[in-house]
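Participant: what follows is a predicted protein model with its sequence.
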Amino acid sequence: MRKRRVSRQMFIRFGCVVGFFALPALTACSVDAVMRPDIDIGTTRTASVSSGRGLRNLVPSNPMMMAYPRFNLPRSDSSAMPAEEASCRRQLKRLGVKYRDLAPINDGGSCGIAYPVEVSSLSGGIEMSPSATLNCQMALTFARWTKNELAPAARTRYLSGISKIKQGSSYSCRRIAGTSVASEHSTGNALDVMAIELNNGKYLDVAKPGFFAFREKSLLNKVRSEGCDYFSTVLGPGYNADHADHFHFDLKPRRNGYVACK
């Protein structure tokens, strides 16, 4: 059964900045309480990031405070893993997802993932660049969306498979803009996509395409629309200036199954 959608606008860009050092948590979107999600953006201390135009005003001016990749340790023992976590991993394997289990992440407060996975590639050998640290359910949902919607849409419009998905932020310890509420990124429940690279060399930047880029617009509009049937939040160019260069996907729970498609 398809989820009930709240509203749609055009997309936006996003990105967050991570730090090996503790950085102040900055965020940039806020939304109405129940129907719309609070969306976070900004510098963080533990995110996987990729710079985009929407991030430039968020990157610290001090070069020593620029983003650094999180150092993730593999999980040493998964024998006590809950049944739902084990089931999720079996589904990832059936989809052809390459991942590794990581040691529990606990950055204090609401930041952490008890059973994180680090996804390096998806069905069809699609590389995740850089690897994304997520909770398993978010990884599984993104893998299904990629296989069922994104990859077929690319083949239809460009007669090519996908070689790489460039992500701007997966797990990231930060708060929602102007609040003390943890973002979905802080539990590995969100992912930001900056660009898509095809096997034929075509590079599709999520930033709003040119006026005559009809095929690219068609693809981006299609995957955004279909994403609303998989995720509870889908944001992209057109939502606000800070999301003008990426798609934001998350699985934020809401009453009555409402989905925020902006």
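Facilitator: Noted; the coordinates are in hand. Numbers count the residues shown, from 1 in each chain.
Participant: can you report how many residues neighbour L251?
Facilitator: 20 (other CB atoms under 10 Å). In this view, the C-beta of every residue, glycine as well, is placed from N, C-alpha and C.
Participant: and for A132?
Facilitator: 25.
Participant: please apply the same query to Y258.
Facilitator: For Y258, the tally of surrounding residues (other CB under 10 Å) stands at 18.
Participant: do the same with T179
Facilitator: T179: 12 neighbours (other CB under 10 Å).
Participant: where's it, which helix or strand?
Facilitator: Here T179 sits in a region with no helix or strand, counting by DSSP states H and E.
Participant: now S186: how far from G108?
Facilitator: 10 Å (CB to CB, to the nearest Å).
Participant: give me the more crowded residue out of the two.
Facilitator: It is S186, of S186 and G108, that has more neighbours when counted by other CB under 10 Å, with 27 against 7.
Participant: the more buried one looks like it's in a helix, true?
Facilitator: Yes - the assignment for S186 by DSSP: H, G, I helix; E, B strand; the rest coil puts it in a helix.
Participant: please report how far it lies from T141.
Facilitator: 18 Å.
Participant: now do L219
Facilitator: For L219 relative to T141 (CB to CB), the value is 20 Å.
Participant: and for R144, the neighbour number?
Facilitator: 17.
Participant: that one is in contact with G96, isn't it?
Facilitator: No - the criterion here is CB atoms under 8 Å, and R144 misses it with G96 at 11.6 Å.
Participant: overlap in contacts of S186 and G108?
Facilitator: Contact criterion CB atoms under 8 Å, 6 or more residues apart in numbering; residues bridging S186 and G108 by contacting each: C173.
Participant: which of the helices or strands spans the closest residue to C111 other than its chain neighbours?
Facilitator: Leaving out its chain neighbours, the residue that sits closest to C111 by CB to CB, 6 or more residues apart in numbering is C173, at 3.6 Å. Taking DSSP H and E as the definition, C173 sits outside all helices and strands.
Participant: for L92, what are its contacts?
Facilitator: Y99, V117, C136, A139, L140, A143.
Participant: so what pLDDT did it get?
Facilitator: pLDDT, L92: 98.
Participant: how about D40?
Facilitator: pLDDT at D40 comes out at 45.
Participant: what do you get for the one 4 residues further on?
Facilitator: Looking at T44, its pLDDT is 40.
Participant: same question for the one 5 residues further on.
Facilitator: According to the model's per-residue confidence, V49 sits at a pLDDT of 42.
Participant: A213 now?
Facilitator: A213 is assigned 67 on the pLDDT scale.
Participant: now do H185
Facilitator: The model's pLDDT for H185 equals 93.
Participant: leaving out sequence neighbours, find the closest residue to it.
Facilitator: Using CB to CB, 6+ apart, the closest residue to H185 is S172 (4.0 Å).
Participant: can you read off the pLDDT for the one you found?
Facilitator: 90.
Participant: now it: how far from S183?
Facilitator: For S172, the distance to S183 - CB to CB - is 7 Å.
Participant: of the two, which one has the most company?
Facilitator: Higher neighbour count among S172 and S183: S172, with 33 against 30, using other CB under 10 Å.
Participant: what segments of the stretch 101-250 of the chain are strands?
Facilitator: With DSSP state E, counting those that start in this stretch, the ranges of strands along the stretch 101-250 of the chain come out as 105-106, 112-113, 116-122, 126-135, 162-169, 190-198, 203-205, 233-235, 247-250.
Participant: residues touching the closest residue to L204 other than its chain neighbours, list them.
Facilitator: Closest residue to L204 apart from its sequence neighbours, by CB to CB, 6+ apart: I196 at 4.4 Å. Applying CB under 8 Å, 6+ apart to I196 gives the contacts L150, A154, I162, K164, I165, K166, Y203, L204, V206.
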